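# structure of the sequence below:
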Amino acid sequence: MTCSPQNPYPGQTRPKPRLITELPPPSQLDIDWSPVLTKRDERILKLGNMFVTQHPAGHSVGGKEEPAEAPKKFSRFFGGNTVKKRSRLVMITSNARVLMCAAGTNDKKLKEEISLLSPGCAWRSFQDSKGLTAWLVETRDKQFVFEDPKSTTSDPDGSKYSSQEWLDSIEQARDYAFSQTMTNSYASDAALSELVSNHPSPSSTLDGDSILEGVNIPASRHGHLRKDQGDAESLKGRKRFSKRHSKNGLANF
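Numbering: from 1, shown residues only. Model prediction:
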């Protein structure tokens, strides 16, 4: 897909703002997780436990399932052929961020973060070898695969709907962030215009002499002031000349 040069979201179609102008007030969930909601007016749009697997960018998904990470005591035997799969509490926020914290704990510390607005960031759903649907977010450097731990082969549609809900939340997060950016930009432009209108520039007062009528403007240091000083010096010189020559009888010279 070819992106427009003005597209602030490479890898995705240009977002169409849904006129989201205000965020809801902070919920108890937002307050509880305030240690990781470090952005201004950040809200949690979706939260849930997921299995998260990291791969290098461009990794092929949907094929044969790869072995999960072995226990540490066996890592020296299996470390080369395993992938990192972790149970994470995943949050999608209104600042277009995917936040990952440790699951099953009250520790409010961030383990991993993805900015959905970063250049090259993309997301999509896919089906694995068991027919279950998962979703992923890919950046320039990493690929994050998210699987619902409640997914089961007896109900493959459940994983499909779950993945679509997460992707919808990602789209909503992007719309929120884009809308807030536009709102802040318009507010800044309006403030600047008001500042300029209340404080006209000096050039706007040079349209004609009538505009300067009644305005007391001091003489320029490099203009009239220098000329006045020159006239004063010349007058002093003439006075000195007249006085000196009058003593010598040359006053009428």
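# so residue 25, which state does it fall into?
In three-state terms, and counting by DSSP: H, G, I helix; E, B strand; the rest coil, residue 25 is coil.
# count of neighbours near it?
Burial measure for residue 25: 7 neighbouring residues, criterion other CB atoms under 10 Å. Bear in mind the C-beta positions are built from the backbone N, C-alpha and C, glycine included.
# ok, it to residue 31 distance?
Going from residue 25 to residue 31 by CB to CB, to the nearest Å gives 10 Å.
# ditto for residue 163
Following CB to CB, the distance that separates residue 163 from residue 31 is 29 Å.
# the more surrounded of those two?
residue 163 (23 against 9).
# same for the top strand by length along the chain, what does it pack against?
When the chain is parsed with DSSP state E, its longest strand is strand 44-56. Counting contacts by 3 or more CB pairs under 8 Å, 6 or more residues apart in numbering; DSSP states H and E, strand 44-56 packs against helix 28-32, strand 84-93, strand 142-147, helix 156-198.
# from residue 28, how far out is residue 104?
Counting by CB to CB, the separation of residue 104 from residue 28 is 20 Å.
# what's the answer for residue 128, then?
In this structure, residue 128 and residue 28 are 35 Å apart, going by CB to CB.
# more neighbours: the two, which one.
Taking neighbours as other CB under 10 Å, residue 128 and residue 28 compare with residue 128 leading, 17 against 7.
# okay, now the unreliable bits of the stretch 51-200 of the chain?
Residue ranges of the stretch 51-200 of the chain with pLDDT under 70: 64-82, 183-200.
# over to residue 36. Which of the three states is it?
coil.
# can you pull the contacts of the closest residue to it other than its chain neighbours?
Leaving aside its chain neighbours, residue 36 sits nearest to residue 110 (4.9 Å; criterion: CB to CB, 6 or more residues apart in numbering). Taking CB atoms under 8 Å, 6 or more residues apart in numbering, we find residue 110 in contact with 36, 99-101.
# cool, residue 99 as well?
36, 90-91, 93, 110, 112-113.
# so residue 135 touches residue 163, yeah?
Yes - using CB atoms under 8 Å, residue 135 is in contact with residue 163, at 4.4 Å.
# give me the common contacts of those two.
125, 146.
# can I get the host helix or strand of residue 135 as PDB, trimmed to CA atoms?
Residue 135 is part of strand 133-138 when elements are defined by DSSP states H and E. Output in PDB follows, covering the C-alpha atoms of strand 133-138 (Å, rounded to 0.1, in the frame of the first residue of the first chain):
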ATOM      1  CA  THR A 133      -7.200 -16.300  15.400                       C
ATOM      2  CA  ALA A 134      -4.500 -14.000  17.000                       C
ATOM      3  CA  TRP A 135      -3.300 -10.500  16.300                       C
ATOM      4  CA  LEU A 136       0.000  -8.800  16.100                       C
ATOM      5  CA  VAL A 137       1.700  -5.400  16.100                       C
ATOM      6  CA  GLU A 138       4.900  -5.000  14.200                       C
END
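# look up how far residue 179 lies from residue 45.
Residue 45 is 13 Å from residue 179, by CB to CB.
# now do residue 89
26 Å.
# cool, and residue 32?
Relative to residue 179, residue 32 is positioned 25 Å away (CB to CB).
# which one of the two is surrounded by more residues?
residue 179 (19 against 12).
# still on that earlier bit, in the strand holding residue 135, what's buried?
133-138 (16 or more other CB atoms under 10 Å).
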